[in-house]
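Student: Provided below for reference: sequence and predicted model.
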Amino acid sequence: MTVSIDIGEMAGNARAGMDLEELLATRLLVQGNSGSGKSHLLRRLLEQSTPWVQQAIIDPEGDFVSLAEKYGHVVVDAVGTEKDLQMIAGRVRQHRVSVVLNLEGLDADRQMKAAATFLDGLFDADRDLWYPMLVVVDEAQLFAPAAAGEVSEEARRRSLGAMTNLMCRGRKRGLAGIIATQRLAKLAKNVAAEASNFLMGRTFLDIDMARAADLLGMERRTAETFRNLDRGHFVALGPALSRRPVSVKIGPVETAGRGGTHKLMPLPDQPKEEAKDLIFTRSADEEAPRRVRTPEPVAST
């Protein structure tokens, strides 16, 4: 059975479809700077495909937990032990439940370790449980960095290994990786190279535009077109999308994230002295600040 989901609109008001069966076999890379509509695109894809395929979302900012109320995803807060997470991942595959792994509030090192543990649990499931699943990793450059950062080497190695397994070997286990990043240059090349489908949004840095053009098979001199893309517009290419690069405007969504664009609003109208009191006077429900005792200097003998 061929299932095509509607992700938006192409030129001439034609609908932009994505072949889910082809996506399961060929994986997807989404790129777009902050504000390009990348998270909106992921949400559209997840909402449209929910009736057809199991989903797991690695969510570093807690933006996708809103899928739980309308679509029944179970939110897994990564607060337990690594053994707990691995066992939960095994049950996710066994019972075919769609989940959101919420990593909000964890530091980068713990996020990487938790994501690696969960992905390993999905990957290591028994062969009898290899049902089709979309595995969406938002801000993938955090979990598959191109270079060492401020996190521990152990966390970086484990996370990069899990992401590499997802993109390189996940297909045989029914796992279809969908990775989204703000910066292609910060994403490990061996992870990005395994995707055969691409949705490239607005980007401004030359190095990211050049990599996007290379992945789409476009000439470098046309790479600057990515600077001029409007919010929510992407260039699509791949066997699950289109055999040639086409412009796609992503359609509307039914749920909303907790992030997004903040609207301007006027400041409260209050006298200057009242404003000073609000800042410097402790309210009744605030705890008194702890005083740090300064050790007395040790007298020299």
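Tutor: All right, it came through fine.
Student: per-residue confidence at the nearest residue to Leu129 once chain neighbours are set aside?
Tutor: Using C-beta to C-beta, 6 or more residues apart in numbering and skipping the chain neighbours, the partner closest in space to Leu129 is Arg93 (4.4 Å). Heads up, the C-betas are built off the backbone N, CA and C, glycines and all. The confidence metric pLDDT takes the value 96 at Arg93.
Student: do the same with Asp285
Tutor: 74.
Student: Next, it: secondary structure please.
Tutor: coil (DSSP: H, G, I helix; E, B strand; the rest coil).
Student: The stretch 101-250 of the chain: helices as residue ranges?
Tutor: Using DSSP state H, counting those that start in this stretch, the helices of the stretch 101-250 of the chain run over residues 108-123, 153-169, 189-192, 206-216.
Student: These: lowest mean pLDDT?
Tutor: In terms of mean pLDDT, the lowest-scoring of the helices of the stretch 101-250 of the chain is helix 206-216 (a mean of 79).
Student: low pLDDT regions in this protein?
Tutor: By pLDDT under 70, the weakly predicted segments of the chain are 1, 220-221, 258-262, 273, 288-301.
Student: would the residue nearest to Leu129 count as being in a helix?
Tutor: Yes - Arg93 forms part of a helix when assessed by three-state DSSP.
Student: closest to Ala68 out of the helices of the stretch 101-250 of the chain?
Tutor: Nearest to Ala68 among the helices of the stretch 101-250 of the chain is helix 108-123 (16.7 Å), distances taken as C-beta to C-beta.
Student: which residues touch the closest one?
Tutor: The contact list for helix 108-123, computed with C-beta atoms under 8 Å, 6 or more residues apart in numbering, reads 56, 58, 60, 76, 78, 82, 85-90, 92-93, 101, 103, 106, 133, 135, 137, 142-143, 149-152, 154-156, 158-159, 161-163, 165-166, 169-170, 173, 175.
Student: now stretch 137-149
Tutor: Here stretch 137-149 has contacts from 39, 42, 57-61, 63-64, 108, 111-112, 115-116, 156, 159-160, 162-164, 166, 177-183, 185-189, 191, using C-beta under 8 Å, 6+ apart.
Student: Buried subset of the residues you listed, written for ChimeraX?
Tutor: Those of the contacts of stretch 137-149 that count as buried under 16 or more other C-beta atoms under 10 Å are selected in ChimeraX with:
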select :39,42,57,58,59,60,61,63,64,108,111,112,115,116,156,159,160,162,163,164,166,177,178,179,180,181,182,183,185,186,187,188,191
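Student: re the thing from before, around the residue nearest to Leu129, count how many other residues there are.
Tutor: Close neighbours of Arg93, defined as other C-beta atoms under 10 Å, add up to 24.
Student: Tell me the spacing between it and His233.
Tutor: Going from Arg93 to His233 by C-beta to C-beta, to the nearest Å gives 36 Å.
Student: And Lys172, by the same measure?
Tutor: Lys172 is 34 Å from His233, by C-beta to C-beta.
Student: Among the two, which residue is more densely surrounded?
Tutor: His233 (19 against 8).
Student: on that earlier part again, out of the helices of the stretch 101-250 of the chain, which one sits most buried?
Tutor: helix 108-123 (a mean of 22; mean count of other C-beta atoms under 10 Å).
Student: how far does that helix sit from the chain's center?
Tutor: 14 Å (C-alpha atoms, centre = their mean, to the nearest Å).
Student: swap in stretch 272-289?
Tutor: Distance, centroid of stretch 272-289 to centroid of chain: 39 Å (C-alpha atoms, centre = their mean).
Student: Next, the buried residues of that stretch.
Tutor: For stretch 272-289, it's none, nothing buried (16+ other C-beta under 10 Å).
Student: what does stretch 34-47 give?
Tutor: 36-47.
Student: of all these, which comes closest to Ile5?
Tutor: For the buried residues of stretch 34-47, the nearest to Ile5 is Leu45 (7.2 Å; C-beta to C-beta).
Student: tell me which element that closest one is part of?
Tutor: Assigned by DSSP states H and E, Leu45 falls within helix 38-49.
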